[in-house]
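Chemist: okay, here's the prediction I keep looking at, along with the sequence it came from:
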Amino acid sequence: MPIYEYECRACGHRKEAIQKMSDDPLVDCPACNKPELKKLISAAAFRLKGGGWYETDFKGDNKKNVTKNESATKSSESTTKAKPAGGCGSGCH
């Protein structure tokens, strides 16, 4: 559920509320009890979970991140293995 920010037009009190997207906006200020709360526009905060995200995101303690040296070694090994031994392999020599 998203976290919404509200600010009271009457007294300036700010409040955060966890609400469903389908819930009606809050209107009554908890500080001054006036119906002057207005929803603010703010940056969304979310967390991506599951497979397929960046290697460095949300790792557990038992998983290590790929370093630049390891990924460079892996890519050069795969490039070396992909090239045939006698040239480009397409009959260009």
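Modeler: That came in fine, so what should we check first?

Chemist: so which strand or helix has Glu16?
Modeler: Assigned by DSSP states H and E, Glu16 belongs to strand 14-18.

Chemist: what residues sit buried inside that strand?
Modeler: Ala17 (16 or more other Cβ atoms under 10 Å). C-beta here means a position set from N, CA and C on the backbone, and glycine is covered the same way.

Chemist: who are the packing partners of it?
Modeler: Judged by 3 or more Cβ pairs under 8 Å, 6 or more residues apart in numbering; DSSP states H and E, strand 14-18 is in contact with strand 3-8.

Chemist: could you find the closest non-adjacent residue to Gly19?
Modeler: Let me fix one detail, which is that residue 19 is Gln and not Gly. Tyr4 (5.7 Å; Cβ to Cβ, 6 or more residues apart in numbering).

Chemist: wait, the one you found sits on Ala17?
Modeler: Yes: counting by Cβ atoms under 8 Å, Tyr4 does reach Ala17; the two are 5.3 Å apart.
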